[in-house]
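Trainee: Curious how this folds, go ahead:
(one chain, ligands or ions: 1)
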Amino acid sequence: MTRQDDLQATIDDLVQEGRGVLAMDESHPTMAKRFEPIGVESTEAHRRFYRALLLTTPGLGKYISGAILFEETLTQQTDDGQALPSAAWAQQIVPGIKVDKGKIPLALSPGDLITQGLDGLGDRLKTYREQGARFAKWREVYGIEEQAPTPHGIEANAEMLARYAAVCQSEGLVPIVEPEVLMDGGHSIERCAEVTEGVLHAVFHALHRHHVVLEHILLKPNMVLPGKERTQANPEQVAAATLQALRRTVPAAVPSINFLSGGQSPEEATANLNALNQRGEDAPWLLTISYGRALQQPALHAWGGKNENAHAAQQALLKRARLNSLAMRGQYRPEMEND
Ligand code: 13P
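Mentor: Reported below is the predicted structural model:
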């Protein structure tokens, strides 16, 4: 198989109607933050148990086509000794890997952030591929303030995402390109729309400059939402604003848009995805998920660090995955939460 065939095969396995991506690639500090409210210490053993539980949920593959893993997870095993990437693939869930090394302030550019991790990326990808990863993820982060993100910050971040995506494709891994405009703050939905549009515009220019093949990426954007400190918009408003920003900036060659949840509640994230798909005729791409918190939160709380709750946790994950799958077809109704 050529590199291009490899990339296309991965796209074919990931991009399927009614299925989406599970983000479970929390770094150690983030995992500690997620475990803290349920009173679980973030040890290697606890992370392994919890993540093995997620990946071996019976029936999960019906709704989930890919899982973004953290480095450590690639080398961990289930209780009966199966490597976690193989356990995922056993139900046709493609294993992927988060490859960025987190964000820092962009030097001399107050309010802007930048993500690290390009040095040595090609070599790291070779190792991850041997360990079973077939796609990758890199996240750039943009906080909304009065003067931020700046035009220079937007350009610098776009350049990083494009360089990462080019290295991934040259190593045969499908890049998930994630520019996340944060929900934090008191800004309006119109301001989020303006920033999101500017960010995506710069990202696709940079991808073009870097010869990235758009048919072989997934885009993982934020939805266009008002800041967290404001009253939230209804799903129809979110869908209209989000689709407008995407249609203005994302070429139809991109096969799939996999939204992040970004701090929305699980129910909000599902209802918003549903509204997006009800307007699906406006979209040349598949509109699906790459949710972290909005898929995992109920499962994490059902587990609560107690091994005897593993089944309940898997059922909670499966329920969210199933409801999001319905939302991918525009067939979700809030009453279904009580079924
Ligand atoms: P959330 O859905 O919790 O925002 O996480 C998605 C993700 O992978 C962020 O990089």
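Trainee: Partner strands of whichever strand or helix holds Ile97 and their direction?
Mentor: Here Ile97 sits within strand 94-98, counting by DSSP states H and E. According to DSSP bridges, strand 94-98 forms sheet pairs with strand 64-69 (parallel), strand 135-142 (parallel).
Trainee: can you list the residues of the stretch 51-200 of the chain near the ligand?
Mentor: Counting by C-beta under 6 Å from any ligand atom, the residues of the stretch 51-200 of the chain close to the ligand are 139, 178. Quick note: C-beta positions are derived from backbone N, CA and C, even for glycine.
Trainee: shaky segments in the stretch 151-300 of the chain?
Mentor: For the stretch 151-300 of the chain, applying pLDDT under 70 flags no range at all.
Trainee: Now do the helices for it: every range, in order, please.
Mentor: 151-170, 189-209, 235-249, 266-278, 293-303 (DSSP state H, counting those that start in this stretch).
Trainee: so what's Glu36 up against?
Mentor: The contact partners of Glu36, by C-beta atoms under 8 Å, 6 or more residues apart in numbering, come to none.
Trainee: One more: Val250?
Mentor: Taking C-beta under 8 Å, 6+ apart, one finds 200, 204, 219, 257, 285 in contact with Val250.
Trainee: Can you add mean neighbour count and distance to Pro37 and give the helices of the stretch 151-300 of the chain back as a markdown table?
Mentor: Compiled in a markdown table, those are given as follows (neighbours: other C-beta atoms under 10 Å; distance: least, C-beta to C-beta, whole Å):
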| stretch | mean neighbour count | distance to Pro37 |
| --- | --- | --- |
| helix 151-170 | 21 | 31 |
| helix 189-209 | 20 | 27 |
| helix 235-249 | 20 | 27 |
| helix 266-278 | 23 | 15 |
| helix 293-303 | 22 | 8 |
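Trainee: Using a markdown table, lay out those together with distance to Ala45.
Mentor: A markdown table is the format used below for the helices of the stretch 151-300 of the chain (distance: least, C-beta to C-beta, whole Å):
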| stretch | distance to Ala45 |
| --- | --- |
| helix 151-170 | 31 |
| helix 189-209 | 39 |
| helix 235-249 | 40 |
| helix 266-278 | 27 |
| helix 293-303 | 14 |
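Trainee: how close does Pro175 sit to Leu106?
Mentor: 21 Å (C-beta to C-beta, to the nearest Å).
Trainee: Same drill for those two, tell me which one is more crowded.
Mentor: Using other C-beta atoms under 10 Å, the more surrounded residue of Pro175 and Leu106 is Pro175, with 30 against 19.
Trainee: Closest residue of the chain to the ligand?
Mentor: At 2.8 Å from the ligand, Gly292 is the closest residue in the chain, using C-beta to the nearest ligand atom.
Trainee: Correct me if wrong: that residue contacts Ser261.
Mentor: Yes: with contacts counted by C-beta atoms under 8 Å, Gly292 reaches Ser261, the gap being 6.4 Å.
Trainee: picking that back up, okay, the strands paired with strand 94-98, which one's buried deepest?
Mentor: For the strands paired with strand 94-98, the largest average neighbour count (mean count of other C-beta atoms under 10 Å) is found in strand 64-69, namely a mean of 26.
Trainee: Can you check what angle separates that strand from helix 293-303?
Mentor: For strand 64-69 against helix 293-303, the angle by axes from the mean of the first three to the mean of the last three C-alpha atoms, to 10 degrees is 80 degrees.
Trainee: could you give the mean pLDDT of strand 64-69?
Mentor: Taken as a whole, strand 64-69 has a mean pLDDT of 99.
Trainee: quick one on the thing from earlier: who touches the residue of the chain closest to the ligand in this structure?
Mentor: 22-26, 260-261.
Trainee: count of residues packed around Ser42?
Mentor: 17.
Trainee: swap in the one 3 residues further on?
Mentor: By the other C-beta under 10 Å criterion, the neighbourhood of Ala45 contains 9 residues.
Trainee: quick one, phi/psi of Ser109?
Mentor: Backbone torsions for Ser109, taken as degrees, to the nearest 10, come to phi -140, psi 80.
Trainee: related to what we said a few turns ago, compare the strands paired with strand 94-98 and report which one is nearest to Leu276.
Mentor: Ranking the strands paired with strand 94-98 by their distance to Leu276 (criterion: C-beta to C-beta) puts strand 64-69 first, at 18.1 Å.
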